[in-house]
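**Q** Sequence first, predicted coordinates after that:
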Amino acid sequence: MAALGCLAGAAPAGARIVLDYTSVGTFSEQFFYNNCGISARGSDQMNVNPAAGPGIGVQGGDDSSLDGGETLAFQFTDDLLGQPATATDVSYVASAASGGGSAAISIEAFDSANASLGTQPFSGTSEQSISSAFGGAPIQRLVVTANADPVRIEQIAYTPAPGTGISVGWAYGGAYQRDEIDLCGVALTGSNTLYVGGLGAAGGGGVGVVGGIGGGQPNQTIDTGETLTVSLPEAETDVALHLSSNFYLTVDGGAAFDVAALGAQGVSLGTAHVKTDQLDVDVSGLFSDAPIGSFTIESSPGGSDGEQLGSVTFRVPEPDGTASALAAAASMSLVGLAQRRRPR
C-alpha cells in the first residue's frame, strides 16, 4: 500500500498529443479526416501532402493550399464515446505555400458549450499558441480561415482532457514505408521495415511488415515470425487494437496470433494467444485490465498469417496518477504471481 501511494504521487498527467499531418502519406479526403482525437473538415476536398508541399490544402484556387477564404474546421473528440471533447494548450504550425508570405490566417475558437470565444488573427511559420490568444479557455472547436496568402496547416497539438478516449490510426492516410513510425506519440517498430497501405486499395489498409509470404501480399501484412510493436505515450487504460484486415483465417474461422504486453515501468505482463473472427481486440482485457505501456503483435507458427494493424485506442489517464499507479500495482502483482507459480 505504501508503494502504491508513492507511485500515485509520482505519476505524470496525460501526455500532449501532436498530430503532424506531414508525417502521414499523400491522400485526399472529401469529408472528414479523423485521427488522434481531432476531426478535420475542409470547406471543400482536403488534399494532404500533395506534390506541391506538405500539410493540408483545400480544393479550389490552389488545390494544394488553404487560400481565398477557404476554411479548415478542427473538432476535438472523445473517440471512445464518439462525442465532442475539449482540449487545452492548443497550438498549430503552418507553412507558407507557393506565393505566400507570412502564413496569415484567422481562427475562431469555440468553448465547451460550442459558444464562440471570438476570432483572432495569426501569422508565422513557427509554432503558434491558439490557447494563449483565447485566454487559456478549454477549446472544443476551431475554424481556420485563410487570408490573402495561401498556407498549409502542418500540425495541430493539444493536451486532451483527462479520461478522453483517443484513437490513433493508419488505415486511412496514404501509402508509405518507414523503419519506424511515430504518430501522435504512438510509436511503431517492427522486425523489418513497416509498410502502410492497402491490400489493393490506395486509400485504405493498415500497417504490415515488409517480407514474408502472406498470400501474395507480403509487405502489407504481419506474417509468421514477424513482429509489430506498439509503444504508447505512457501506461494507458482501455487499450485496444483494431485490425484493418485478417488476410488469412484458420480453418475453423478465426485469425490466430500472439500479443505480448509490457505494463508500467516496462514490467512484463506476459503473452496472450488470440484467436478471433473479429477485427477489434481488447488488449487491456487480455491482461486483467492492467494499463499497457507497449504491446507486440506476432503471427506465430501455430497461428495464421495476414493481420494488418488499422488503429489503436486508449484512454488518457487521470492527472492524479491513478492509472499509472494501478498499472504499476497490477504489473507487480502479475510478476509476483508468476514467481509463485514458477516451477522449482
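**A** Done, it's in. Predicted, not measured: the structure shown is a model, and the values here were computed from it.

**Q** Contacts for stretch 53-62 next, please.
**A** Stretch 53-62 is contacted from outside by 21-22, 40, 42-50, 52, 63-68, 70-72, 94-95, 97-99, 150, 152-154, using C-beta atoms under 8 Å, 6 or more residues apart in numbering. Yep, even glycine has a C-beta here, placed from its N, CA and C like the rest.

**Q** Now which of those would you call buried?
**A** Buried members of the contacts of stretch 53-62, scored by 16 or more other C-beta atoms under 10 Å, are 21-22, 40, 42-43, 46-50, 52, 64-67, 70-72, 94-95, 97, 150, 152-154.

**Q** Now, the contacts of stretch 53-62 that are in strands?
**A** If you go by DSSP state E, the contacts of stretch 53-62 have 40, 42, 46-48, 71-72, 94-95, 152-154 in strands.

**Q** Show the model's pLDDT score for the residue nearest the centre of the chain.
**A** The chain has Val168 as the residue nearest its centroid, 2.0 Å off, counting by C-alpha atoms, centre = their mean. On pLDDT, Val168 comes in at 97.

**Q** Mind listing the residues bridging to it?
**A** Beta-bridge partners for Val168, by DSSP bridges, are Val312.

**Q** swap in Phe110?
**A** Partner residues in beta bridges with Phe110, using DSSP bridges, are Ser116, Arg141.

**Q** Go ahead and confirm it touches Ala137.
**A** No: contact status for Phe110 versus Ala137: not in contact, 9.8 Å apart, counting by C-beta atoms under 8 Å.

**Q** what's the overlap in contacts for these two?
**A** Listed as contacting both Phe110 and Ala137 by C-beta under 8 Å, 6+ apart are Leu117.

**Q** of those two, who's got more company?
**A** The neighbour comparison of Phe110 against Ala137 (other C-beta atoms under 10 Å) goes to Phe110, with 21 against 14.

**Q** Show me this protein divided up by domain.
**A** For the chain, automatic domain parsing gives the domain ranges 17-161, 166-336.

**Q** between those, which gets the lowest average pLDDT?
**A** Mean pLDDT is lowest for domain 166-336 out of these, coming in at a mean of 80.

**Q** Start from the N-terminal end of this protein and give the helices.
**A** 2-10, 130-133, 283-286, 322-341 (DSSP state H).

**Q** re earlier: using TSV, lay out the ones in strands among the contacts of stretch 53-62 together with distance to Pro233.
**A** As requested, these are exported to TSV (distance: C-beta to C-beta, whole Å):
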residue	distance to Pro233
Ala40	21
Gly42	28
Met46	26
Asn47	29
Val48	23
Thr71	30
Leu72	25
Ala94	25
Ser95	26
Arg152	26
Ile153	23
Glu154	21
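
**Q** Pick out the most distant pair among these.
**A** Maximum pairwise distance in the ones in strands among the contacts of stretch 53-62, criterion C-beta to C-beta, is 17.6 Å, between Thr71 and Ser95.

**Q** Ala255 versus Asp238, what's the distance?
**A** Distance from Asp238 to Ala255, counting by C-beta to C-beta, to the nearest Å: 22 Å.

**Q** higher neighbour count, those two?
**A** Taking neighbours as other C-beta under 10 Å, Asp238 and Ala255 compare with Ala255 leading, 24 against 20.

**Q** wouldn't that one be in contact with Gly306 here?
**A** Yes: look at Ala255 against Gly306 with C-beta under 8 Å: they come within range, at 7.4 Å.

**Q** Next, count neighbours for the residue nearest to Ala260 when sequence neighbours are not counted.
**A** Using C-beta to C-beta, 6 or more residues apart in numbering and skipping the chain neighbours, the partner closest in space to Ala260 is Thr271 (4.3 Å). Thr271: 15 surrounding residues under other C-beta under 10 Å.

**Q** same question, Gln128
**A** Neighbour count for Gln128, taken as other C-beta under 10 Å: 18.

**Q** quick one, what contacts the closest residue to it other than its chain neighbours?
**A** The shortest distance from Gln128 to any non-neighbouring residue, by C-beta to C-beta, 6+ apart, is to Phe122 (5.3 Å). When contacts are counted by C-beta under 8 Å, 6+ apart, Phe122 touches 92, 104-107, 128, 130, 133.

**Q** Now do the end-to-end distance for stretch 32-51.
**A** Start-to-end span of stretch 32-51 (C-alpha to C-alpha, to the nearest Å) is 21 Å.

**Q** That one: how far from the chain's middle?
**A** Distance, stretch centre to chain centre, for stretch 32-51: 15 Å (C-alpha atoms, centre = their mean, to the nearest Å).

**Q** Quick check: end-to-end length of stretch 139-155?
**A** 17 Å.

**Q** need the strands for the stretch 151-300 of the chain, in chain order.
**A** 151-160, 165-169, 176-183, 186-197, 206-209, 227-246, 255-262, 268-276, 280-282, 292-298 (DSSP state E, counting those that start in this stretch).

**Q** and the residue lying closest to Ser106 once chain neighbours are set aside, what does it touch?
**A** Leaving aside its sequence neighbours, Ser106 sits nearest to Thr145 (C-beta to C-beta, 6+ apart; 4.9 Å). Residues near Thr145 by C-beta under 8 Å, 6+ apart: 69-71, 105-108.

**Q** Please consider this matter closed, and thank you.
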